[in-house]
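Asker: Quick check, what structure comes out for this input:
(chains A, B, C and D)
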There are 2 protein chains.
Amino acid sequence: MSDDPTVQAWRRLLAQHAAATCALDRELGDLHGLSVSEFEVLERLVEAPEKLRIQELASEIHLSQSATTRVVARLEKDGLLCRTMCDMDRRGVYACISDDGRARYAEARPTQRRVLGEQLDGAPAAV
Amino acid sequence: MSDDPTVQAWRRLLAQHAAATCALDRELGDLHGLSVSEFEVLERLVEAPEKLRIQELASEIHLSQSATTRVVARLEKDGLLCRTMCDMDRRGVYACISDDGRARYAEARPTQRRVLGEQLDGAPAAV
DNA sequence: ACCAAGCTTATGCATCTGCATATACTTCTC
DNA sequence: GAGAAGTATATGCAGATGCATAAGCTTGGT
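Answerer: Numbering: from 1, shown residues only, chains lettered A, B, ... in the order given. A predicted model of the protein is given here:
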């Protein structure tokens, strides 16, 4: 039923996610040439003390391992991060933000914060 | 920063959405042959007093108009709903649930409710 | 009544995603 | 230390989605 509290929470979740993701995709894309996933990757790399492995990134941004590989490949092609082999475990790959990546992130962050504020603040709380 | 409450809310939103959507997609797909979007469409049609137009569905399920057209086309091909022209406005198309659609929804609903309970109940509240 | 403008759905196209699998490396067992 | 099993990333492929646009219908101004 629609009055099941769990279902209500689920619909709020879907509505908030759709609104925020849609607005972010438009604004980050138009203003900074970044998708939501790409922004999230840059943010994690900026916050990380060092560099992150593909797998750590994948679980941070809630993307499959293969999708994460591809986001990282796109960002590397754009020069926003670099991939390096992991010496300890040569199967592993590190992603490390570049100066251009840092700059792009610094430029995009206020936009993301503004859009999040518009979309999430004042929205009804979930669960 | 990670301690910005709005950013925290955003990350909770992403995490909950990813977990719930992923679990639902797997269980609804494996057990009932439905995607999350397809289930949501059926649910709206079951709840609707009559039938719904494509556009109304689109805004209900937070999908673009074109994606909604395609979900409805898939469900019609599977015999779970039928499309009929709208007499008042012959541009419009109504989607109306079929008996098979009602049955599939009735079968899938407990699964969806169970998964939502597992994924959302007890999760930290947002915003 | 006609024509322009607007609205509703359908479709071409590019992109992103996940699953399954391939490849390369590591670890465990013997 | 060789082989089996397990792990990390990359890639082929199919499917879902959004944007731009097409096609058909309606409405309003004249």
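Asker: Strands of chain A, residue ranges please.
Answerer: A:52-53, A:81-85, A:93-97 (DSSP state E).
Asker: Mind putting the ones you listed into TSV with distance to A:Thr6 and mean pLDDT?
Answerer: No exception for glycine: its C-beta is placed from N, CA and C like everyone else's. Formatted as TSV, those follow (distance: least, C-beta to C-beta, whole Å; pLDDT from 0 to 100):
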stretch	distance to A:Thr6	mean pLDDT
strand A:52-53	34	94
strand A:81-85	39	94
strand A:93-97	37	96
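Asker: highest average neighbour count across these?
Answerer: strand A:93-97 (a mean of 21; mean count of other C-beta atoms under 10 Å in any protein chain shown).
Asker: Adjacent strands (with direction) for that one?
Answerer: strand A:52-53 (antiparallel), strand A:81-85 (antiparallel) (DSSP bridges).
Asker: Keeping just the C-alphas, turn that strand into PDB.
Answerer: Coordinates of each C-alpha in strand A:93-97 appear next as PDB, following Å, rounded to 0.1, in the frame of the first residue of the first chain:
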ATOM      1  CA  VAL A  93      46.000  -0.400 -10.300                       C
ATOM      2  CA  TYR A  94      46.200   2.900  -8.400                       C
ATOM      3  CA  ALA A  95      44.300   5.900  -9.400                       C
ATOM      4  CA  CYS A  96      45.900   9.200  -8.400                       C
ATOM      5  CA  ILE A  97      44.500  12.600  -9.000                       C
END
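Asker: Now tell me what touches it from outside.
Answerer: Contacts to strand A:93-97, defined as C-beta atoms under 8 Å, 6 or more residues apart in numbering or on different chains, come from residues A:41-42, A:45-46, A:50-54, A:57, A:72, A:75-76, A:80-86, A:105.
Asker: Stretch A:107-116 too?
Answerer: With C-beta under 8 Å, 6+ apart, stretch A:107-116 has contacts from A:20, A:23-24, A:27-28, A:31-32, A:34, A:39, A:42-43, B:4, B:6-7, B:9-10.
Asker: Quick one: check that stretch for contact with DNA strand D.
Answerer: No: Stretch A:107-116 stays clear of DNA strand D (C-beta under 7 Å from any atom of the strand), getting no nearer than 14.0 Å.
Asker: and that stretch, which residues are buried?
Answerer: Judged by neighbour count using 16 or more other C-beta atoms under 10 Å in any protein chain shown, the buried positions of stretch A:107-116 are A:Ala108, A:Arg109, A:Thr111, A:Gln112, A:Val115, A:Leu116.
Asker: Report the mean confidence score over that stretch.
Answerer: Stretch A:107-116 carries an average pLDDT of 96.
Asker: Would you point out which residue is most central in chain A?
Answerer: A:Glu40 (1.9 Å; C-alpha atoms, centre = their mean).
Asker: I'd guessed that residue sits against A:Ile61; true?
Answerer: Yes: between A:Glu40 and A:Ile61 a contact is recorded at 4.6 Å, counting by C-beta atoms under 8 Å.
Asker: so what sits against both of these two?
Answerer: B:Leu14.
Asker: which stretches of chain A have low pLDDT?
Answerer: Residues of chain A that meet the criterion pLDDT under 70 lie in A:1-2, A:123-127.
Asker: Can you name the residues of it that neighbour DNA strand C?
Answerer: A:35, A:37, A:62-67, A:70-71, A:74, A:89-91.
Asker: Which one of the residues you listed is nearest to B:Ala15?
Answerer: The shortest gap between B:Ala15 and any of the residues of chain A next to DNA strand C belongs to A:His62, at 6.4 Å (C-beta to C-beta).
Asker: ok, A:Arg83 touching A:Val72?
Answerer: Yes: the pair A:Arg83 / A:Val72 is scored as a contact, 6.6 Å apart, by C-beta under 8 Å.
Asker: So for A:Gln55, what's the nearest residue that isn't a sequence neighbour?
Answerer: A:Gln65 (6.6 Å; C-beta to C-beta, 6 or more residues apart in numbering or on different chains).
Asker: for the strands paired with strand A:93-97, which one sits closest to A:Ser98?
Answerer: strand A:81-85 (5.6 Å).
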